[in-house]
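Asks: pasting the sequence and the predicted model now:
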Amino acid sequence: MIETVDLKKTYIARNKEVYALNGINLQVDKGDFVSIMGPSGSGKSTLLSILGCLDNACQGSYYLNGIDVKRLKDRKRAQLRNSVIGFVFQSFFLMPRLSAAENIELPMLYYGLTPKERHKRAQWLLECVSLSDRANHLPSELSGGQCQRIAIARALANDPELILADEPTGNLDQEASSVVLDMFSVLNEQGKTVVLITHDGTIAKKAKRSLVIRNGIINNA
Ligand SMILES: Nc1ncnc2c1ncn2[C@@H]1O[C@H](COP(=O)(O)OP(=O)(O)O)[C@@H](O)[C@H]1O
Ligand SMILES: [Mg+2]
């Protein structure tokens with residue numbers, strides 16, 4: 001599903017080059033659950049944004065389902081991203097003025113579902129994350145753990161094959177973390193491919209396979 005060949009990413013900040021990725025060779029098969037662990041600044045978020053087709057590498061290739069992502073035009077790349085990938089971030093990124101259900105419906109807007117179909121799917125996804133009773137709450141009226149469960153439901157809106165999560169439990173207490181992590185395991189059991197980024201070794205162990213990234217290079221854990 002994912003194959004990267006010698007990915008490199010350099011940022012230029014204040015006239016200095018920052019080498020964020022230094023040759024990433026990563027293969028993730030369909031149905032896998034991979035954790036990538038590494039200290040702050042090791043390139044985790046940079047890698048995830050490239051895997052998520054939000055950014056391009058400077059050098060090397062990234063194939064998603066066999067498609068060379070850097071050769072796609074912006075619109076095609078966005079289409080691929082919306083249909084194949086669901087994202088979950090540390091700070092949730094929910095829309096503050098939309099209710100839980102409306103946040104979940106948002107990605108469906110690009111898919112030509114009728115309002116009724118969107119509503120029905122959002123209600124079903126709310127059930128999946130055990131938050132049916134919070135459908136009309138705003139994010140500010142939810143706990144961190146509940147916000148992340150809504151964000152997971154939103155990530156599932158278009159039934160993606162691949163879930164990319166960047167430190168999804170970073171802002172959660174232990175109990176909420178464990179609920180959220182169990183959700184990723186269940187999603188993987190249901191056939192979703194999961195790539196989970198973390199700096200926490202105990203979280204990394206939940207995955208089928210753990211990798212470590214340091215200074216923009218990946219090694220086996
Ligand atoms: N937009 C940017 N401009 C300049 N440097 C950046 C930018 N984004 C990240 N970096 C640098 O790239 C390196 C990797 O960052 P990042 O991928 O965010 O690491 P992590 O997620 O593992 O903490 C860091 O040294 C960081 O300072
Ligand atoms: Mg990061």
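Replies: Perfect, I can see it now. Predicted model only: the values in this text are computed from it and were never measured. Ligands and ions are numbered 1, 2, ... in the order given.

Asks: residues in contact with residue 136?
Replies: Under the criterion of C-beta atoms under 8 Å, 6 or more residues apart in numbering, the neighbours of residue 136 are 99, 100, 101. To be clear about C-beta, it is placed using only N, CA and C from the backbone, and glycine gets the same treatment.

Asks: my guess is the first one meets residue 135, correct?
Replies: So the one you mean is residue 99. Yes - between residue 99 and residue 135 there is a contact at 6.7 Å, judged by C-beta atoms under 8 Å.

Asks: helix, strand, or coil at residue 61?
Replies: strand (DSSP: H, G, I helix; E, B strand; the rest coil).

Asks: can you tell me how far it is from residue 22?
Replies: Computed with C-beta to C-beta, to the nearest Å, the distance linking residue 61 and residue 22 is 15 Å.

Asks: give me the more crowded residue out of those two.
Replies: Applying other C-beta atoms under 10 Å to residue 61 and residue 22 shows that residue 22 carries more neighbours, namely 17 against 14.

Asks: who's in contact with the more buried one?
Replies: 8, 43, 215, 216, 217.

Asks: thinking the third one is in contact with residue 43, fair?
Replies: Read that as residue 215. Yes - between residue 215 and residue 43 there is a contact under C-beta under 8 Å: 7.4 Å.

Asks: and these two? which has more neighbours close in?
Replies: Using other C-beta under 10 Å as the criterion, residue 215 and residue 43 rank with residue 43 on top: 25 against 13.

Asks: what sits against that one?
Replies: By C-beta under 8 Å, 6+ apart, the neighbours of residue 43 are 9, 20, 21, 22, 24, 213, 215, 216.

Asks: OK, contacts around the spatially closest residue to it that is not a sequence neighbour?
Replies: Spatial nearest neighbour of residue 43, excluding adjacent residues (C-beta to C-beta, 6 or more residues apart in numbering): residue 216 at 4.1 Å. Neighbouring residues of residue 216 by C-beta under 8 Å, 6+ apart: 8, 9, 19, 20, 21, 22, 23, 24, 42, 43, 46.

Asks: out of these, which sit inside helices?
Replies: Judged by DSSP state H, the subset of the contacts of residue 216 located in helices is residue 46.

Asks: no further questions, thank you.
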